[in-house]
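Asker: starting from these lines, generate the structure:
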Amino acid sequence: MFSRQFTLNEESLAIIRQFGEHMPGGFFLYKADENEELLYANKAVCDIFGCSSLEEFKEMTGFTFRGMIHPEDCERVSNEIRHQIANAEDEVDHVEYRIVRKDGEIRWIDDYGHYVESDVYRGLYYVFISDITDQRLKAESDKALRTAVIEALTRVYDSVWMIHSLETQRFELLRIDKELVHTMPASEAMRITRFSDAFAFYSRLVLEEDRPGFLEAVTPENIDRNTQNRLIYSVPFRRVFETGIRYYRLEFARLVLKTGEVRIVAGFKDVDEEVRKEQQIQQALREAIDAANASNRAKSDFLSSMSHDIRTPMNGIIGMTTIAMSNLDNRERVADCLRKIADSSDHLLSLINEVLDMNKIESGKIELLEEEFSLRDLIGSMLAMTRPQIQARGHAFRLDMDGLRHERVIGDSRRIQQVFVNILSNAIKYTPDGGSISLTVRETPTKTHDFGHYQFIFEDNGFGMTEEFQKHLFEPFARANDRQNAGIQGTGLGMTITRNLVRMMGGDIGVDSVYGKGSRFTVNLYLKIADARDSGGCTVKESVDAPLHSLEEMSLAGKRVLLAEDQDLNAEIATDFLEMTGLEVDWARDGDQVVEKMAAAPDGYYSMIFMDIQMPNRNGYQAAQAIRAMDREWCRQIPIVAMTADAFTDDVLNSRRAGMNEHIAKPIDIDALARILSTYVKETESGAQDE
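Answerer: You can find the predicted model right below:
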């Protein structure tokens, strides 16, 4: 016990000074009065406050105890000291508070003091102080770490452990899962002091076949090694429940404190849902790989088939050309060769178009047009395109449009026609000579007033399809492999393209076929009605005996057209086709020339312009826009037709946007050319000014 009686004189004060200067920590003496004036402070106190001398310390603090304490802590410290003096049993007072050093840094002080009665003053305090900032920060850091770990990991893990030392294996259980609370009796919990013992106890919950691996993975050596070189060290295991096996994971993470000390955080986690989803994804990936391999095999088969299919018409073209060159004096033989060259060329072009179209669809670059058109005209155009094949095979064709009420609709007429031609061409191709083919058109009302449900039913009595092949009919590169179809050429892409186009337009396509008896394809489309008036229906039996209106039969003598084409061979072909009708043809070699010729020509000089797209100096789009921008009504009205190898739907759309009226794809379809000439040149015939 310390005495509370103290005699203070110069001799005792000198002893205190001598004693205090040799103390390793801070020591000071102050009066227990209202001012709390200091009587003495040793050099260690000055050092703690960052002062180089006692005079500097006095100036900063006023040499009072109150002046030493952070203003926010003064009242609390005074109350604590008074309370401890009144109630202390050991007569030593302890308090912690902040100070402000001379350089402005705030530090924490540990204060041990003793109150004594003095014969000179009412009372005195002699005090020992030390700087405990580092220790306090560490304690606060540990507390903050513990709090942060618990708060953060509780949201992720079912049970959370803090391993304080891998050497001693000292651990702390921060949170425990409800499922584990009752697995360890209190007596057992009190006995366990090492985390490896705890893991060994809990390992009895692990599936027996996983248990050896689990225990090996959670040894101190493995935890230490694996948490050094990775962010998270995971130990998977399984548990058995009455409902079945569930997947769990024990995860370790290394935390390095500012002091350099290492802590290991461990967490148990139920990952059953996560693992099962991952298993599903892996299964999906395996199936995707299998599908990709199957697709690669299909593409290999396709390339092999395509090599055969392309070489077949190429052999016909090259072979017939050679034969024709050897028989120039035999007019009939040359004509026969040319017919066969034309047939082979048409087939080769269809192969190329289907492959390119499929690539366009798969890449998502197909852009559908929205334009008004007549379904009756579209079907008529389709029949005009397919009539030669129908006639050649001797098929009977029947068209029934009795169910058509509104023939003018809005949509992409070119893509709809492509769908119909694909289906009808297959019907022609896969029906033996002299067969029967029909197309029935029906229209039913929909809940949306402005739209009609249109059904197009194509039927034939051809070869039909097996049930197995029908399952794969719309898959890319699928082709029936039987003797009936062995000699029929194709890419195996036509029906895939057909279905994709129908779906892009918001419709669907179905097939009903009996092997050896025929097939029925049903196309359902929902088209916006352009004219709400009921146009009535009609039953039409289409005759296929009437010949096509050919270019040679057209009489357009005295008319002149302007041809924009930069390739000599293409220009020669187009000129010959146009001159068959009696037309005169002016040739412009690029976009600049066609604009210059139009600017120099008098109104009505040309009846039409045929415009290539890919040309030097100025392309076809730019040339058409320049012509439409001229301040002449004739230039704004003259028909401009794109004649180009840019043959996709967005190319047609771009030509329309540039001000063109029609689009003909190369190689030139002479039937399409005849249709366009009969439409536009005749319409302007009366207003043309001929030379």
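Asker: neighbours around residue 627, how many?
Answerer: By the criterion of other CB atoms under 10 Å, residue 627 has 26 neighbours. All C-beta atoms are positioned from the backbone trio N, CA, C, and that covers glycine.
Asker: so what's it up against?
Answerer: 594, 595, 598, 609, 635, 638, 640, 659 (CB atoms under 8 Å, 6 or more residues apart in numbering).
Asker: okay, those residues in JSON lines with secondary structure and neighbour count next?
Answerer: Output for those, formatted as JSON lines (DSSP: H, G, I helix; E, B strand; the rest coil; neighbours: other CB atoms under 10 Å):
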{"residue": "594", "secondary structure": "helix", "neighbour count": "29"}
{"residue": "595", "secondary structure": "helix", "neighbour count": "23"}
{"residue": "598", "secondary structure": "helix", "neighbour count": "23"}
{"residue": "609", "secondary structure": "strand", "neighbour count": "27"}
{"residue": "635", "secondary structure": "helix", "neighbour count": "20"}
{"residue": "638", "secondary structure": "coil", "neighbour count": "24"}
{"residue": "640", "secondary structure": "strand", "neighbour count": "25"}
{"residue": "659", "secondary structure": "coil", "neighbour count": "18"}
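Asker: and those, which is closest to residue 257?
Answerer: residue 659 (75.2 Å; CB to CB).
Asker: so how far is residue 375 from residue 405?
Answerer: With distances taken as CB to CB, to the nearest Å, residue 405 is found 11 Å from residue 375.
Asker: oh, I was asking about residue 270
Answerer: 61 Å.
Asker: which of those two has more neighbours?
Answerer: residue 375 (24 against 16).
Asker: excluding chain neighbours, what is closest to the more buried one?
Answerer: residue 407 (4.8 Å; CB to CB, 6 or more residues apart in numbering).
Asker: just give me the neighbour total for the one you found.
Answerer: 22.
Asker: now do residue 31
Answerer: Using other CB under 10 Å: residue 31 sits among 19 other residues.
Asker: hmm, residue 115 and it touching each other?
Answerer: No. Counting by CB atoms under 8 Å, residue 31 stays clear of residue 115, with 11.2 Å between them.
Asker: and for those two, which residues touch both?
Answerer: Joint contacts of residue 31 and residue 115 (CB under 8 Å, 6+ apart) are 123, 124, 125.
Asker: for the closest residue to residue 256 other than its chain neighbours, give me its contacts.
Answerer: Leaving aside its sequence neighbours, residue 256 sits nearest to residue 262 (CB to CB, 6+ apart; 5.8 Å). Contacts were defined as CB under 8 Å, 6+ apart; by that measure residue 262 touches 166, 254, 255, 256.
Asker: now, of those, which are buried?
Answerer: Buried members of those, scored by 16 or more other CB atoms under 10 Å, are 166, 254.
Asker: and the contacts of residue 262, which is closest to residue 678?
Answerer: residue 254 (84.9 Å).
Asker: those strands in the stretch 201-350 of the chain, which residues are they?
Answerer: Remark: strands assigned in the stretch 201-350 of the chain by DSSP state E, counting those that start in this stretch are 233-241, 244-256, 262-270.
Asker: just name the most buried of the ones you listed.
Answerer: strand 262-270 (a mean of 20; mean count of other CB atoms under 10 Å).
Asker: neighbouring strands - and their directions - for that one?
Answerer: Strand 262-270 has the following strand partners under DSSP bridges: strand 159-163 (antiparallel), strand 244-256 (antiparallel).
Asker: list the helices and strands the longest helix anywhere in the chain packs on?
Answerer: Using DSSP state H to define each element, the chain has its longest helix at helix 272-326. Applying 3 or more CB pairs under 8 Å, 6 or more residues apart in numbering; DSSP states H and E, one finds that helix 272-326 contacts strand 244-256, helix 331-362.
Asker: save the ones you listed as TSV, and put in mean pLDDT too.
Answerer: Below are the helices and strands packed on helix 272-326 laid out as TSV (pLDDT from 0 to 100):
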stretch	mean pLDDT
strand 244-256	88
helix 331-362	76
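Asker: and residue 412, which of those is closest to it?
Answerer: Across these, closest to residue 412 is helix 331-362 (CB to CB), at 13.2 Å.
Asker: for the helix or strand following the closest one, which residues meet the burial criterion?
Answerer: Sequence-wise, the next helix or strand downstream of helix 331-362 (DSSP states H and E) is strand 371-374. Neighbour-count burial for strand 371-374 flags 373, 374 (criterion: 16+ other CB under 10 Å).
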